[in-house]
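Participant: Quick one, what's the 3D model for this:
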Amino acid sequence: MLKKLQHKLQKNHSLNETDKNDKIKKDLLKLWEVDGFFKCPIMGICLTHSEQKKLLKKINIPIKKKSYFEIHEILISSLNSKNDLSQKIDNILKCKFKREKESLLGLSENEFQNYFKIAFEAGDYAGVMWATAINPNLSAETKREIYGEIHMATFLNNDNILKLKQKIFKQQEKIDKLYEETKGNIKLRRTLQKENKILKKDKEEIKKILCATEQEKNELKEKLVTSNNKYNYGKNEQKKETINKKLLKAKLNIQNSQDSITSLKEKNLQLLIEIEQQKKINQLIKNKMKKTVTQFFHSNSCDASCPSFDLCKKRILLVGGLQGMEALYREVIEKSGGVFDYHSGYVKKKPKKLEACLKRADMVVCPVNCNSHGACSIIKSLAKKHKKKLHMLSNSSLHSVSQAIWGSNKGGTINKN
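Facilitator: Here you go, the predicted structure:
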């Protein structure tokens, strides 16, 4: 529908296209001339993160260790005046939204408003927002109304955010449960492997006994053939019978051992299959969690209206927690604009490394179920000594960590000792 409307607008204005383009070139505002409240959403919505990084690389601004917010901040500050960066941004947006420029900037105010409503409902309003900001022919009321619609859209996702948080929490519970089951399976597998090694040794011993028995039997047979003494013959027969009994017993032991080995091999194979299936399930859940976290942060723009906006300036230190989930903890904090720091929680008599990490942190999060009592005491003492915000959590789930961080940003309790 939006493409049809653009085509119709271009067709209706085709007769005066040359005159209008000349007028547009004269009347268009530059980005450093637009209203200040438009600059932040234009950078956040009209340019992708990869486009922003390419742009900064072209003018030799280093971005290797810069966060999303720091890059955003550089671009916004450049729009306060005419300079190389602001001119390049202006040119890129003109090329990117050439279609909107041709079809929108010649419209009347009512036509422009109607077009915006359709684009906004379709979720394709980046170009319209840019055209609104640079169009000097629109009234301040119309610009304010369009900005307000876009601005308030960021607050209308609370239901989705709550559902995503609940989904993350449930997924975390499933992962914890599967993790415990996997640990049990691994332990059982190791026990079976040990038993298997013992049975293999027993089998080797039985083979040696059997070999020795066969050798003894052959020697006795040779003696029986060469012996003519009846007494000796009878005695040898008795020995032969004893040896045969031993041989039969050894064969039975071997058979029982082979049956046990076969049974253990089958159990081993079944356990290996179950573990592989479990790994696939774990990977699927991790992928789903990663997708869920990504959706959560894409739905929440990082600007002054965002509840976690202040996190962009903070370094979060996580002490302990599941090491396998370090990447997820990092993703939660860094996608909120924070700087993630991690310490395993293992400390000796002089925890110099932990203290160094704690000194440079703005906030410290410590799950008590993943740290020893002694380590928790050291962390509390260091936090008190250096006057750092400290959260002592009952568990290390992704939900608990994110709740502690965001709760702190919204004015909640900071030190839960």
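Participant: what's near enough to touch Leu247?
Facilitator: Leu210, Thr213, Glu214, Lys217 (C-beta atoms under 8 Å, 6 or more residues apart in numbering). All C-beta spots, glycine's among them, are computed from the backbone N, C-alpha and C.
Participant: for the helix or strand hosting Asn282, what is the average pLDDT?
Facilitator: According to DSSP states H and E, Asn282 maps onto helix 230-298. In this model, helix 230-298 has a mean pLDDT of 79.
Participant: right, and the helix or strand after that helix?
Facilitator: Following helix 230-298 in sequence, per DSSP H and E, is strand 315-319.
Participant: Contacts for that next one next, please.
Facilitator: So strand 315-319 is contacted by 329, 333, 338-345, 354, 357-358, 360-366, 371, 375, 379, 401, 405 (C-beta under 8 Å, 6+ apart).
Participant: ok, of the residues you listed, which come out buried?
Facilitator: 329, 333, 338-345, 354, 357-358, 361-366, 371, 375, 379, 401, 405 (16 or more other C-beta atoms under 10 Å).
Participant: Show me those that map onto strands.
Facilitator: If you go by DSSP state E, those have Val339, Phe340, Asp341, Tyr342, His343, Met363, Val364, Val365, Cys366 in strands.
Participant: And the helix holding Asn282, how far out from the chain middle?
Facilitator: 38 Å (C-alpha atoms, centre = their mean, to the nearest Å).
Participant: my read: Ile186 touches Ile275, true?
Facilitator: Yes. Using C-beta atoms under 8 Å, Ile186 is in contact with Ile275, at 7.3 Å.
Participant: Report how many residues lie close to Lys353.
Facilitator: 13 (other C-beta atoms under 10 Å).
Participant: circling back to that earlier point, for the buried ones among the contacts of Leu247, write the corresponding PyMOL selection.
Facilitator: Provided next is the PyMOL selection string for whichever of the contacts of Leu247 are buried by 16+ other C-beta under 10 Å:
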select buried, resi 210+213
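Participant: Now, the contacts of Leu247 that are in helices?
Facilitator: With DSSP state H as the criterion, helices contain Leu210, Thr213, Glu214, Lys217 from among the contacts of Leu247.
Participant: Among these, find me the one that's closest to Leu390.
Facilitator: Proximity of the ones in helices among the contacts of Leu247 to Leu390 (C-beta to C-beta) peaks at Leu210, which lies at 68.4 Å.
Participant: ok, the closest residue to that closest one other than its chain neighbours - contacts?
Facilitator: Nearest non-adjacent residue to Leu210, counting by C-beta to C-beta, 6 or more residues apart in numbering: Ala250, 5.0 Å away. The neighbourhood of Ala250, defined by C-beta under 8 Å, 6+ apart, consists of Ile206, Ile209, Leu210, Thr213.
Participant: Among the residues you listed, which one lies nearest to Lys265?
Facilitator: Ile206 (17.5 Å).
Participant: Surely that closest one is within a strand?
Facilitator: No. Ile206 is assigned helix when assessed by DSSP: H, G, I helix; E, B strand; the rest coil, not a strand.
Participant: neighbours of it, just the number please.
Facilitator: 18.
Participant: cool, Tyr115 as well?
Facilitator: Tyr115, neighbours per other C-beta under 10 Å, totals 21.
Participant: same question, Ser77
Facilitator: Neighbours of Ser77 (other C-beta under 10 Å): 12.
Participant: go on, Trp130?
Facilitator: Around Trp130 there are 25 residues (other C-beta under 10 Å).
Participant: give the contact list for Cys376.
Facilitator: So Cys376 contacts Cys366, Val368, Met392 (C-beta under 8 Å, 6+ apart).
Participant: where in this structure is pLDDT low?
Facilitator: 1-27, 154-162, 227-236, 285, 288-313, 349, 408-417 (pLDDT under 70).
Participant: excluding its backbone neighbours, what's nearest the residue nearest the centre of it?
Facilitator: Centroid check for the chain by C-alpha atoms, centre = their mean gives Leu328 as the closest residue, at 3.9 Å. Sequence neighbours aside, Leu398 is the residue nearest to Leu328 in space, at 5.6 Å (criterion: C-beta to C-beta, 6+ apart).
Participant: now do Leu220
Facilitator: Leu220's closest residue in space is Lys240 (C-beta to C-beta, 6+ apart), at 5.6 Å.
Participant: and His391, how many residues sit next to it?
Facilitator: 25.
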